[in-house]
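# Sequence and computational prediction follow.
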Amino acid sequence: MHIPDGFLSVPVWGTMDAIAIPSVALIAKRAQREFDHHRIPLMGVMGAFIFAAQMINFPVGNGTSGHLLGGALLSFTLGPAAASIVMTAILATQALVFQDGGLLALGANVFNMAIAGVLAGYLPYVLLRGKKAGIFLGGVSSVLVSALLALAELFRSGVRMPSAALAVSIGLFVISAVVEGAITLAVMQALERRKPGLVPRPRATGALAAASLALVGAGVFLASQLPDGIQKLALQTGIAARAQAILRSPLAGYKLQILASPVPARLLAGIIGLFVVYILCLGISRILTLSREGA
Amino acid sequence: MSLIVEVRNLHYTYEDGTKALKGIDFDLEDGARVALLGANGSGKTTFVHQLNGILRGSGTVIIGGLPVTEENLREIRKRVGLVFQDSDNQLFMPSVLEDVAFGPLASGMSAEEASDRARAALDRVGLLSKADKAPWHLSAGEKKRAAIAGILATDAKLLVLDEPTTFLDPPGQRALVELLAGLPQSCILVTHDVKFAGRLTDEAAFFDDGRIAARGPIAEIARQFEW
Amino acid sequence: MRHARVERWSRGNSAIHRRHAAAKILATLALLISIASLRADAVAACGLYLILLFMVAAKARLPLGPVFRSAAAVVPFALCFAVLTALAGDPARAVRLTVRAYLSSLAALLLIATTPMPDLIAGLECLRAPRFLLQIMQFLYRYLVVLMEEASAMRQAGAARAGSVARLRFRQAAAAVGVLFARSYARAEAIHRAMLARGFEGRIPVFARRSFRLSDAAFVAVAAVLVIGVRAV
């Protein structure tokens, strides 16, 4: 998932650097407000902790093992702004010390994993108020979002794959996302057992909502590159024909028929999609709490 | 004879309610050395963290005539040099020289002055050749000496060493004894190692459950408490 | 650990090592940008860049074989994508991808192999990267080896108890990570206390920084000329 140099086209890595650099500066300012200079050693050591934690193997069956990636865990334990900065420090260190990930591509990797991935991991956690499902989904979505964004950037840069390979890639992403969810949940439970109350309860903030909107906007824009591959895959597997028949909703094909120009239409569709997801999650959590009180 | 440390009726309770110090009275004369003995959890480390204001309990703590209060913290921390048990936590800068220069720089000296001081301190502990090395390239004994150099560079009047022989092999311990024996500063040694303490001082205080149970010659204390 | 070798290379002494980190970073970025925009038919340019990097490595007195081999670590990953792209009908792009990946990796490796990490961080500060982030990187780098050694010890201790059921091992691994987390958190608190004890009040003092000299500016200028010159050929 760390994109090396030489893979992305100039417009893509250029754009991602242009997005990532001011974003990191802004997030750094925010993190400084929440976590002042006295917490710099903590954030640095937590960054080193992630490297160390990645050395611990988690068996996932058949002799293979996975390891913690850590974006979601950091966002739960440090809050999203600090987690973003720590992830940025980790990615920069990986590029500069281990040659894991390119230098020009650092902007893209930072956006995918330190910004989008951290936010995507934190949202379910906050929406589901820190419950187990929120932790698991946070782990899943942080990895899935990062991986899909990376794939979209590669596609936008002209990298092509046969649909079978695309299906396998997405399958692998889903598997590693689920593994991350399981590992993150297991680690959070281990932490809670060791010292209950070590991890603070999550707080939703306005800035978080604004950032999520920006995230979705950018994500949808990039993901618009993916449907070419997905559509080919869908055609080949015959899903597309059935889908067209079933889904005559206004959001089909990510284009609101009302608006003519494609890009704003996709953005708007993405934002509406986010609100739908948010309301769904709120609804689910309400129902869950109500049923618990009723029981 | 002036006192470098004067503690009266010191109490401290941790956030979770544990009473760590239950009325400590303690004096140390300028230039003297004393060992603090006692079981884990008896309050030794909690006590020494009160001497430079990292923890603040109720009662009086006076260092070289200056009471430990919020306003005096900066000056107090120049006078008290605390050497932590794990040298890796103490050598937190990227290179040995930068770390030893941290104290002087933090107290407002120029980079040149701080660098000179740091080099002099490293020379004193015999580590000048390692000045530009990263801390993880040093042995445990060298790290301990580098930590002490960091204290010497700030002109501390009181050295406090918390379990200095942990992680040290016998040659490392001998080198440490030699170094400490030659330093003129007052010294408080928190340690489990009675033999090590005995090579540096004749006096010990025994901590038991947040109180000082006895103070006197090391040999007697060791016998009395079967240490 | 692989990075230990590169760290050793970075502590060498040569005309390249002695240049200011910011100058080297700028030169490397210029080269990377040029490589990223190479077209499929630019065989001569690729060859010239390879020769240029060879000369830099030689001038930096680095062991040439190991350096060129180490940069090839990216090639298997690149080949995967190259093969997929070729299969999807674009073989020219596949070749371009692999060549660009290798050249970029080599350029970045030469930067890292001639500049120790603390200097790299100082160079980034010169280039106006946020200091908050750089100080975090400084502490991260300082404690990277320490924490990885702790994890390594845990891994070995766990391996000694191997043979248990996979599900148990999953929970054990989670517990190990939990222990690492708690230890790291406690260590961070101890570090903070050590900093306070030595007069830390919120500002990490900046030690003497190397100034950007004329020779460094000349280095950047020469590098820019060479990078652009190759493209003009």
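Perfect, thanks for sending it.
# Can you list the low-confidence ranges for the chain?
If you meant another chain, say so; for now it's chain A. Along chain A, the model assigns pLDDT under 70 to residues A:197-295.
# ah, I was thinking of chain C
Using pLDDT under 70, chain C drops low at C:1-2, C:40, C:159-168, C:208.
# Chain B now?
In chain B, residues with pLDDT under 70: B:1.
# Up against chain A, what does chain B have?
B:Phe92 (Cβ under 8 Å from any Cβ of the partner chain). (Each C-beta comes from the backbone N, C-alpha and C, glycine too.)
# and chain B, which of its residues are near chain C?
B:49, B:52, B:54, B:74, B:77-78, B:80-82, B:84, B:86, B:88-90, B:92-95, B:97-98, B:101-103, B:105-107, B:111-112, B:114-115, B:134-136, B:150, B:154.
# so which residue of chain C comes closest to chain A?
The minimum distance from chain C to chain A, using Cβ to the nearest Cβ, falls at C:Phe139 (2.5 Å).
# got the residue ranges for the helices in chain A?
Ranges of helices within chain A are A:10-34, A:40-53, A:71-78, A:80-97, A:106-109, A:118-127, A:132-156, A:163-194, A:206-223, A:226-237, A:239-246, A:262-294, based on DSSP state H.
# In stretch C:226-233, which residues are buried?
Using 16 or more other Cβ atoms under 10 Å in any protein chain shown as the test for burial, stretch C:226-233 gives C:Leu226, C:Val227, C:Val230.
# Show the buried residues in the residues of chain B next to chain C.
B:49, B:52, B:54, B:77-78, B:80-82, B:84, B:86, B:88-90, B:92-95, B:97-98, B:101-103, B:105-107, B:114-115, B:134-135, B:150, B:154.
# could you pick out which of the buried residues of stretch C:226-233 are near chain A?
Okay, of the buried residues of stretch C:226-233, nothing touches chain A (Cβ under 8 Å from any Cβ).
# need those in CSV with distance to A:Ala81, can you?
Formatted as CSV, those follow (distance: Cβ to Cβ, whole Å):
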residue, distance to A:Ala81
C:Leu226, 42
C:Val227, 37
C:Val230, 43
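# Spatially, what comes nearest to the residue in chain A that chain B sits nearest to if we skip its sequence neighbours?
Chain B sits closest to A:Pro41 of chain A, with a gap of 6.7 Å, by Cβ to the nearest Cβ. Leaving out its chain neighbours, the residue that sits closest to A:Pro41 by Cβ to Cβ, 6 or more residues apart in numbering or on different chains is C:Ile191, at 4.5 Å.
# Nearest spatial neighbour of the closest residue to chain C within chain A, chain-adjacent residues omitted?
Going by Cβ to the nearest Cβ, chain C is nearest to A:Gly44 of chain A, at 2.5 Å. Nearest-residue entry for A:Gly44: C:Phe139, 2.5 Å, with adjacent residues in sequence omitted and distances by Cβ to Cβ, 6+ apart.
# Please identify the helix or strand for the one you found.
Following DSSP states H and E, one finds C:Phe139 within helix C:131-160.
# before we move on, what about B:Tyr12?
strand B:3-13.
# Quick check: B:Leu82 is in a strand.
Yes - assessed by DSSP: H, G, I helix; E, B strand; the rest coil, B:Leu82 belongs to a strand.
# I'd say it and B:Asn52 touch.
Yes - B:Leu82 is within contact range of B:Asn52, at 5.7 Å (criterion: Cβ atoms under 8 Å).
# if I look at these two, which residues touch both of them?
Shared contacts of B:Leu82 and B:Asn52 (Cβ atoms under 8 Å, 6 or more residues apart in numbering or on different chains): B:Val160, C:Ala197.
# need the contact list for the residue nearest to A:Pro41.
Per Cβ under 8 Å, 6+ apart, neighbours of C:Ile191: A:Pro41, A:Val45, B:Asn89, B:Phe92, C:Phe139.
# now the strands for chain C?
In chain C, no strands are defined using DSSP state E.
# Spatially central residue for it, please.
C:Ile112 (5.4 Å; Cα atoms, centre = their mean).
# any idea how far C:Phe200 is from that one?
30 Å (Cβ to Cβ, to the nearest Å).
# got it, and B:Met93?
Distance from B:Met93 to C:Phe200, by Cβ to Cβ: 11 Å.
# Name the residues contacting each of these two.
Common neighbours of B:Met93 and C:Phe200 (Cβ under 8 Å, 6+ apart) are B:Phe102.
# mind checking the SS state of the residue of chain B found nearest chain A?
Distance from chain A to each residue of chain B (Cβ to the nearest Cβ) is smallest for B:Phe92, at 6.7 Å. Recorded secondary structure, B:Phe92: coil (three-state DSSP).
# wait, it sits on C:Arg142?
Yes - with contact defined as Cβ under 8 Å, B:Phe92 reaches C:Arg142; the gap is 6.4 Å.
# Report the contact partners of A:Ala190.
C:Arg171, C:Ala174, C:Ala175, C:Val177, C:Gly178.
# Out of these, which end up buried?
C:Ala174, C:Ala175, C:Val177, C:Gly178.
# so can I have JSON lines of those residues showing distance to chain A?
Below are these laid out as JSON lines (distance: Cβ to the nearest Cβ, whole Å):
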{"residue": "C:Ala174", "distance to chain A": "3"}
{"residue": "C:Ala175", "distance to chain A": "5"}
{"residue": "C:Val177", "distance to chain A": "5"}
{"residue": "C:Gly178", "distance to chain A": "3"}
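# Keep those, but drop any that are not near chain B.
Counting by Cβ under 8 Å from any Cβ, nothing from those sits close to chain B.
# hang on, the earlier thing: look up the closest residue to the residue of chain B closest to chain A, ignoring the ones flanking it.
B:Phe92's closest residue in space is C:Ile191 (Cβ to Cβ, 6+ apart), at 5.1 Å.
# Closest one to B:Leu36 out of the buried ones among the contacts of A:Ala190, please.
Of all the buried ones among the contacts of A:Ala190, B:Leu36 sits closest to C:Gly178, with 33.1 Å by Cβ to Cβ.
# That closest one reaches A:Arg194, doesn't it?
Yes - contact criterion Cβ under 8 Å: C:Gly178 and A:Arg194 qualify, at 5.5 Å.
# ok now do B:Leu55, which residues does it touch?
By Cβ under 8 Å, 6+ apart, the neighbours of B:Leu55 are B:Tyr12, B:Thr46, B:His49.
# my guess is it is in a strand, correct?
No - using three-state DSSP, the secondary structure at B:Leu55 is coil, not a strand.
# For chain C, just list every one of the helices.
C:2-10, C:21-36, C:43-59, C:64-71, C:75-87, C:91-113, C:117-126, C:131-160, C:166-197, C:214-232.
# Centroid-nearest residue for chain B?
B:Val160 (1.5 Å).
# which strand residues sit across from that one in the sheet?
Applying DSSP bridges to B:Val160 gives these bridge partners: B:Leu82, B:Ile188.
# how deep is the spatially closest residue to C:Glu7 that is not a sequence neighbour tucked in, by neighbour count?
Sequence neighbours aside, C:Pro116 is the residue nearest to C:Glu7 in space, at 7.2 Å (criterion: Cβ to Cβ, 6+ apart). By other Cβ atoms under 10 Å in any protein chain shown, 23 other residues sit near C:Pro116.
# surely C:Pro116 meets C:Arg11?
Yes - counting by Cβ under 8 Å, C:Pro116 touches C:Arg11, with 6.0 Å between them.
# that older thread, list the buried residues of the strand holding B:Tyr12.
So for strand B:3-13, counting by 16+ other Cβ under 10 Å, buried means B:Leu3, B:Ile4, B:Val5, B:Glu6, B:Val7, B:Leu10, B:Tyr12.
# Now render the residues you listed as a markdown table, adding distance to A:Met16.
Formatted as a markdown table, those follow (distance: Cβ to Cβ, whole Å):
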| residue | distance to A:Met16 |
| --- | --- |
| B:Leu3 | 64 |
| B:Ile4 | 59 |
| B:Val5 | 58 |
| B:Glu6 | 62 |
| B:Val7 | 59 |
| B:Leu10 | 57 |
| B:Tyr12 | 52 |
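# I appreciate the help and will end here.
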